[in-house]
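Enquirer: what follows is a predicted protein model with its sequence.
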2 protein chains.
Amino acid sequence: MISKPLIAHFESYLPFEEAEKALIESRVSRRKVRHRELTLTSGEICRYYTFVVSGCFRMYITDAEGKEHNILFAAEGDWISDIDSFHATTPSHSNIQALEVSEIIQIAQEDLYHLYLNILKLDRIFKVITEEKYVELQNRVFQNISSTAQQRYLSFLKQYPNLANRLPNTQIASYLGITPEFLSMIRKEITLGH
Amino acid sequence: MISKPLIAHFESYLPFEEAEKALIESRVSRRKVRHRELTLTSGEICRYYTFVVSGCFRMYITDAEGKEHNILFAAEGDWISDIDSFHATTPSHSNIQALEVSEIIQIAQEDLYHLYLNILKLDRIFKVITEEKYVELQNRVFQNISSTAQQRYLSFLKQYPNLANRLPNTQIASYLGITPEFLSMIRKEITLGH
DNA sequence: CGAATTTCTTAAACTAGTTTAAGGGTTGCA
DNA sequence: TGCAACCCTTAAACTAGTTTAAGAAATTCG
């Protein structure tokens, strides 16, 4: 059962019958990813919905000046895909890269559509998953607009307590939209007790 | 048929049978909203999924210092609700306010759940709607992290060409995360041809 | 293990965006 | 129709965050 972690994830939303689990098992693939390996490159079409079994990924965009900007992180139990590119079958603007040795389960476009047709509750589950991710992003937009870099860093620490220790500061700075130098200052100020 | 604009919206995704339309009609309400009226106040639970028939709304949050920050706008054909508060039945952190005289169609929590149970394709439609809104937000996060205020303003103009003329600059500045004064400077620079 | 690369820190000079304040223009409604 | 509330602009002083540079510490990989 390569899909065991994925099915456990689905069953945290709704129960599944054996036949449904077997259908899912027949339509997914699983593989290991090396540290720094790109699973999606800008310009390429995002062909898979990807579930992270273990490890950690970032989605980032390269701007006009060649600078990279992290949009989100995904660790064990998260999904990471360019939803826009996947559904519209258009070239992606973003890149997805492993930040650790990782393992993923992937569902190709036609397999996901096949599953949607044959297991109707998947529509509901992915509706809920997308709503959850939407709420997260909305909080992020609010933080970006209304907070100083220090407040944003503190709320990053709250939201991803496990990632904070695993990720290099350069990745966190890129997520916060500041320079690593300034993040270094912020961390110093915080430990000095401001 | 008070729900006519809403059903037209749903049918832009999938066709509906008469019985389904009648069920929807029986489960929604429609009303007019005055300019500046709040349809959701921070601290209150978001009880309705709201579809904008005409007019325009903003969702905003008030920060620790009492400043308001616009998270998104919604005009004709858009949905505006605090998804988190609605589903979790918890007090909302945000406010929703009409920026023009408007008209809305609302679906209460129990009615929406009743519709989900009886019209399965609504799961799929709201899955897709949420995915679309997610992609929009993701672009906004990218803009916020990677662009100067001027670039963000230009991309706001592209994304909401019709809203740009309808909204006061104060609202746009709050959406961009800058002061109205600085937006004023940006607009001057742009018309001078930079 | 040791060399190469990546990562973190500090600090000084700089720039994008804020704050405050003041004046003029619009809009809405009694 | 007139006044209050809102909205936009300009400008000067200020502050949060960037840039550049250089050295120290930690990882990675042959």
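Expert: Arrived safely. Numbering: from 1, shown residues only, chains lettered A, B, ... in the order given.
Enquirer: how about residues contacting the lowest-mean-pLDDT helix or strand in chain A?
Expert: For chain A, counting by mean pLDDT, DSSP states H and E, helix A:161-166 ranks last in confidence among helices and strands (a mean of 88). By C-beta atoms under 8 Å, 6 or more residues apart in numbering or on different chains, the list of residues contacting helix A:161-166 from outside reads A:56, A:73, A:75, A:99-100, A:156-157, A:172. In short, each C-beta sits where N, CA and C put it, glycine included.
Enquirer: is the next helix or strand after it up against DNA strand C anywhere?
Expert: On the C-terminal side of helix A:161-166, the closest following helix or strand by DSSP states H and E is helix A:169-176. Yes: if you take C-beta under 7 Å from any atom of the strand as the test, helix A:169-176 does meet DNA strand C, through A:169-170.
Enquirer: elements contacting helix A:169-176?
Expert: Other helices and strands packing on helix A:169-176, by 3 or more C-beta pairs under 8 Å, 6 or more residues apart in numbering or on different chains; DSSP states H and E, are strand A:56-62, strand A:68-75, helix A:149-159, helix A:180-191.
Enquirer: recalculate using a threshold of 10 Å.
Expert: Helices and strands touching helix A:169-176, by 3 or more C-beta pairs under 10 Å, 6 or more residues apart in numbering or on different chains; DSSP states H and E, are strand A:56-62, strand A:68-75, helix A:121-146, helix A:149-159, helix A:161-166, helix A:180-191, helix B:121-146.
Enquirer: would JSON lines of those with mean neighbour count and distance to DNA strand C be doable?
Expert: Below are the helices and strands packed on helix A:169-176 laid out as JSON lines (neighbours: other C-beta atoms under 10 Å in any protein chain shown; distance: least, C-beta to the nearest atom of the strand, whole Å):
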{"stretch": "strand A:56-62", "mean neighbour count": "21", "distance to DNA strand C": "11"}
{"stretch": "strand A:68-75", "mean neighbour count": "20", "distance to DNA strand C": "11"}
{"stretch": "helix A:121-146", "mean neighbour count": "20", "distance to DNA strand C": "9"}
{"stretch": "helix A:149-159", "mean neighbour count": "16", "distance to DNA strand C": "11"}
{"stretch": "helix A:161-166", "mean neighbour count": "12", "distance to DNA strand C": "10"}
{"stretch": "helix A:180-191", "mean neighbour count": "13", "distance to DNA strand C": "4"}
{"stretch": "helix B:121-146", "mean neighbour count": "20", "distance to DNA strand C": "10"}
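Enquirer: those into CSV, with extra columns for distance to DNA strand D?
Expert: Output for these, formatted as CSV (distance: least, C-beta to the nearest atom of the strand, whole Å):
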stretch, distance to DNA strand D
strand A:56-62, 12
strand A:68-75, 11
helix A:121-146, 10
helix A:149-159, 4
helix A:161-166, 10
helix A:180-191, 3
helix B:121-146, 9
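Enquirer: kindly reformat those as TSV containing distance to residue A:38.
Expert: Listed next are the helices and strands packed on helix A:169-176 as TSV, based on distance: least, C-beta to C-beta, whole Å:
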stretch	distance to residue A:38
strand A:56-62	10
strand A:68-75	12
helix A:121-146	21
helix A:149-159	24
helix A:161-166	19
helix A:180-191	22
helix B:121-146	18
